[in-house]
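Peer 1: when you get a sec, could you give me coordinates for this:
(one chain, ligands or ions: 3)
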Amino acid sequence: MENNEKAGRKPAGVTDQEALDFHSRGRPGKLEITPTKPMATQRDLSLAYSPGVAVPVKAIAADPATAYDYTARGNMVAVISNGTAILGLGNLGALASKPVMEGKSVLFKRFADVDSIDLEVDTENVDEFINCVRFLGPSFGGINLEDIKAPDCFIIEQKLREIMDIPVFHDDQHGTAIIATAGLINALSLTGRDLKTTRLVCNGAGAAAIACIELIKAMGFASENVILCDTKGVIYQGRTEGMNQWKSAHAVPTDRRTLAEAMDGADVVLGLSAKGAFSTDMIRSMAPRPIIFAMANPDPEITPEEVSAIRDDAIVATGRSDYPNQVNNVLCFPYMFRGALDVRATTINEAMKIAAAQALADLARADVPDDVAAAYQGNRPRFGANYIIPVPFDPRLISSIPVAVAKAAMDSGVAQRPIADLDRYARQLSARRDPIAATLATIHERVRRSPQRIVFAEGEEAQVMRAAISYANQGFGTALLLGREDRMRETAEREGIDLDRPNIQLVNARISTRTAAYTDYLYARLQRQGFLFRDAQRLINHDRNHFAACMVALGDADGMVTGITRNYATALDDVSRCLDKKPGHRVIGVSLALCRGRTVLVADTAVHDMPSAEELSEIAIEAAGLARKLGYVPRVAFLAYSTFGHPSGERSQRVREAVRILDGKRIDFEYDGEMGADVALNPDVMAQYPFCRLSGPANVLVMPAIHSASISTKMLEQLGGSTVIGPLLVGFDKPVQIVSMAARESDIVNMAALAAYKATS
Ligand SMILES: NC(=O)C1=CN([C@@H]2O[C@H](COP(=O)(O)OP(=O)(O)OC[C@H]3O[C@@H](n4cnc5c(N)ncnc54)[C@H](OP(=O)(O)O)[C@@H]3O)[C@@H](O)[C@H]2O)C=CC1
Ligand SMILES: CC(=O)C(=O)O
Ligand SMILES: [Mg+2]
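Peer 2: Ligands and ions are numbered 1, 2, ... in the order given. Okay, the predicted model is just below:
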């Protein structure tokens, strides 16, 4: 790890430069605001602004509750910090905390569809901070306080809770306490411990630590069995140095003075302090089957590797996503607020916190169904030492935790708008999540577990070199950079790229010993298509796509990625000369358009110019197959300019015929058409055709021809604010992906990872 850090590389496989690039690329930061209503015409303006806006103003003045009907308040949470305890980095100030706060806002949206904005308040004065926040109530449905140091955070939260009529929740206190408690419930049960007799040490006596031990004591831990430590050591009764009333409340009569003495024989240790605070000797001195939650971020008090080097009976959790058992408040705050907002809770109380902790603990014990296994890299996890808590991408979180929170709010009398049918609520919650993020995470994890050699055919290009390095750094496997070595080194030198690093190999096509084998292979395939031996020789010697594809064909690489120096069709022709399609399949391109929390697959965006009806039906089958693999239940719409025969026309005839062909096959997914894009995607418009066989908006769109596919996906990207991934090539028997000539480094890495993923299956 030391070497990684010297190289500016974080253990998770992200370099400092990558982290900076990620944040600065495109529009700087991680958030933007988009309107939810059109502002196109004079009439829109009259409605949205003056004079129309006066009407909801008067309605809200007459009845404040209607603010939830006429404004975004009900789904809006502010993430507020003064930057005095940023992760485990300490007091770096309000401005420096902004990346974390933007990140929390994005997580609210990503995981629970809660809209959120970050507010950094530049004062360390408690009263000033309170006075700033207390007047913001009308803007928000809830306040999430973040990374404010103890003991200030206790005073701030308590005061704001008293004076504001919306939920105020200090995430580092209660979010962390809820997750730690959930994990602890399960770890205690796995090690057969009774919480009344378990001895626990908590290192750190700040925001997170105090809240954690308060919650676990409320769950039944005996006060005399819990020792709290801080930078001065054990917090014992009578200590005066570095104390405050919150620490004093947990001081115990004991002769132990140091963390090492406190941990001797302890059953559980919670780390909510700083990197490296636990030594191996301390861990060695703990009781059999110790429970170690090293939760400091970004680096834990001790790493799982360091623990496993000295004992094999421990249950270890950290705050990080790159180890098993991530005990991190991201598992809590999005769902806590989702449930609280949905019942318009006036506060977040103990009952709601305990309900969330219990629901999380229960979730880790429940069987993992097929469609959820994907979030766990396809490995169905079993409740045990390496799985005491669900992962953040577990799709069940959104439909279970908010329900438990909402129910507890209703039962404890703080819900202003109770939900009558909680089952229906759970179903509505499921619809809020889009599986694509979980799917990509799953794909990446699967590749990390089974790393693959991917040849980057355009290895002389600087952005391809950077993508290859990122591929290797992320643990996806070995990146084979193809090109002339002298050219690659020249470019690398000029661009400041270091190619001499692990898992990067330069493949010098000019002097390769495999040239003859590739030429023979290619000649055997092409000799009856008008190619002479020397034509094959020329292709291998001079064309990187042919060389790379032959590497894949003959097993010298597991997959390939290309595309930035040649147009798509040319690259596809090159590859097709060297590789076959999978028997019984059709090679097509599928683009994934991610827009406003929803993903649609669009096909065929790469191969068939003007597909016949038969070809359209096969495109639908391939695209539906990919949709399934990505975690969707496919609903396929055959798009045209007409809908179910109107207006009639020759061009739509072909699309109608494709539907008829599928009707004659045994098909296990929903499909219908022909229809316009509005009918396919908008349930209100679809409702005008009650006979339509799709049970909801389509998530797979089969385009009538490549021009409409290409034009519409590019317009979505340029005008609609969509992120478009792909086209992904489907149907080849070997993993190959072609990026567009405008691809950025991250697009190339994503496509390389997708090629590697295919190589693993
Ligand atoms: N995994 C998760 O979800 C979360 C993890 N955390 C992590 O917990 C840690 C604390 O955060 P937070 O409570 O918000 O911060 P605070 O500033 O409120 O508290 C920090 C506490 O840690 C103590 N401390 C710092 N260094 C050491 C050390 N080497 N040995 C013993 N005690 C130490 C401080 O002691 P003193 O009082 O003497 O100054 C203080 O009590 C951070 O690393 C943070 O990343 C926090 C929230 C969530
Ligand atoms: C996770 C988090 O909130 C923290 O480390 O502060
Ligand atoms: Mg925090």
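
Peer 1: so where does Ile143 fall, helix or strand?
Peer 2: According to DSSP states H and E, Ile143 maps onto strand 142-145.

Peer 1: can you give me the offset of that strand from its chain's centre?
Peer 2: Computed by Cα atoms, centre = their mean, to the nearest Å, the chain-centroid distance of strand 142-145 equals 22 Å.

Peer 1: ok, and does that strand reach over to ligand 1?
Peer 2: No. Strand 142-145 stays clear of ligand 1 (Cβ under 6 Å from any ligand atom), getting no nearer than 10.4 Å. For the C-beta atoms, the positions are set from N, CA and C on the backbone; glycine is no exception.

Peer 1: okay, now the sheet partners of that strand, with direction.
Peer 2: strand 76-81 (parallel), strand 168-170 (parallel) (DSSP bridges).

Peer 1: which one of the ones you listed lies closest to Cys550?
Peer 2: strand 76-81 (52.2 Å; Cβ to Cβ).

Peer 1: how near is the nearest residue to Ala548 once chain neighbours are set aside to ligand 1?
Peer 2: Among residues not flanking Ala548 along the chain, Ala457 sits closest, at 3.7 Å (Cβ to Cβ, 6 or more residues apart in numbering). According to Cβ to the nearest ligand atom, to the nearest Å, Ala457 stands 42 Å off from ligand 1.

Peer 1: list the contacts for Ala457?
Peer 2: By Cβ atoms under 8 Å, 6 or more residues apart in numbering, the residues touching Ala457 are Leu482, Arg544, Asn545, Phe547, Ala548, Ala549, Met560, Val561, Thr562.

Peer 1: for Arg651, same thing?
Peer 2: Arg651 touches Ala640, Tyr641, Pro704, counting by Cβ under 8 Å, 6+ apart.

Peer 1: which of those residues has the most neighbours?
Peer 2: Within these, neighbour counts (other Cβ atoms under 10 Å) peak at Ala640, which reaches 24 neighbours.

Peer 1: how much space separates that one from ligand 1?
Peer 2: With distances taken as Cβ to the nearest ligand atom, Ala640 is found 51 Å from ligand 1.

Peer 1: ok, now which ones touch the nearest residue to that residue once chain neighbours are set aside?
Peer 2: With Cβ to Cβ, 6+ apart as the criterion, Ala640 has its nearest non-adjacent residue at 3.8 Å, and that residue is Glu674. Residues near Glu674 by Cβ under 8 Å, 6+ apart: Phe638, Leu639, Ala640, Ser642, Thr643, Phe644, Ser652, Val655, Arg656, Val659, Pro704.

Peer 1: run the last query once more with 7 Å
Peer 2: Phe638, Ala640, Ser642, Thr643, Ser652, Val655, Arg656, Val659 (Cβ atoms under 7 Å, 6 or more residues apart in numbering).

Peer 1: quick one, strands of the stretch 401-550 of the chain?
Peer 2: 454-456, 479-483, 504-508 (DSSP state E, counting those that start in this stretch).

Peer 1: mind listing the strands the last one pairs with, and their directions?
Peer 2: For strand 504-508, the paired strands and their directions (DSSP bridges) are strand 479-483 (parallel).

Peer 1: now the helices: where do they sit in the stretch 1-150 of the chain?
Peer 2: Secondary structure of the stretch 1-150 of the chain (DSSP state H, counting those that start in this stretch): helices located at 2-6, 16-24, 42-48, 54-62, 67-70, 98-112, 126-134.

Peer 1: which residue is the nearest non-sequential neighbour of the residue of the stretch 51-200 of the chain found nearest ligand 1?
Peer 2: Closest residue of the stretch 51-200 of the chain to ligand 1, Cβ to the nearest ligand atom: Gly88 (2.4 Å). Nearest residue to Gly88, sequence neighbours excluded (Cβ to Cβ, 6+ apart): Ala296, at 4.2 Å.

Peer 1: ok so the one you found is a strand residue?
Peer 2: No. In this structure, Ala296 is coil, not part of a strand, as judged by DSSP: H, G, I helix; E, B strand; the rest coil.

Peer 1: for the contacts of Ala457, give me CSV that also has pLDDT and neighbour count.
Peer 2: Putting these into CSV (pLDDT from 0 to 100; neighbours: other Cβ atoms under 10 Å) gives the following:
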residue, pLDDT, neighbour count
Leu482, 97, 27
Arg544, 96, 24
Asn545, 97, 26
Phe547, 98, 28
Ala548, 98, 31
Ala549, 98, 29
Met560, 98, 32
Val561, 98, 32
Thr562, 97, 26
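
Peer 1: in helices, which of the residues you listed appear?
Peer 2: Residues of the contacts of Ala457 located in helices (DSSP state H): Arg544, Asn545, Phe547, Ala548, Ala549.

Peer 1: what's the burial count for the closest residue to ligand 2 within the stretch 401-550 of the chain?
Peer 2: Of the residues in the stretch 401-550 of the chain, the one nearest ligand 2 is Ile401, at a distance of 16.9 Å by Cβ to the nearest ligand atom. Per other Cβ under 10 Å, the neighbour tally for Ile401 reads 29.

Peer 1: tell me the contacts of it?
Peer 2: Counting by Cβ under 7 Å, 6+ apart, Ile401 has contacts Tyr335, Gly339, Ala356, Ala359, Leu360.

Peer 1: from the residues you listed, which two are the most distant?
Peer 2: Longest span within these, Cβ to Cβ: Gly339 and Leu360, 12.6 Å.

Peer 1: comparing the two, which shows the higher neighbour count?
Peer 2: Neighbours per residue, other Cβ under 10 Å: of Gly339 and Leu360, the larger number sits with Gly339, 29 against 26.

Peer 1: now that one: how far from ligand 3?
Peer 2: Distance, Gly339 to ligand 3, using Cβ to the ion, to the nearest Å: 20 Å.

Peer 1: which one is that residue nearest to, not counting chain neighbours?
Peer 2: Using Cβ to Cβ, 6+ apart, the closest residue to Gly339 is Val405 (2.9 Å).

Peer 1: check contacts around the one you found.
Peer 2: Tyr335, Met336, Gly339, Ala340, Met352, Ala355, Ala356.

Peer 1: distance of it relative to Arg161?
Peer 2: Counting by Cβ to Cβ, to the nearest Å, the gap from Val405 to Arg161 is 17 Å.

Peer 1: partners of the nearest residue to Ala677 once chain neighbours are set aside in the sheet?
Peer 2: The shortest distance from Ala677 to any residue other than its chain neighbours is 5.7 Å, reached at Leu639 (Cβ to Cβ, 6+ apart). Listed beta-bridge partners, Leu639: Met675 (assigned using DSSP bridges).

Peer 1: quick check: domain ranges of this structure?
Peer 2: Following automatic domain parsing, the chain resolves into domains at 1-30, 174-327, 445-578, 588-731.

Peer 1: quick one: mean pLDDT for the first one?
Peer 2: It refers to domain 1-30. Averaged across domain 1-30, pLDDT comes to 67.
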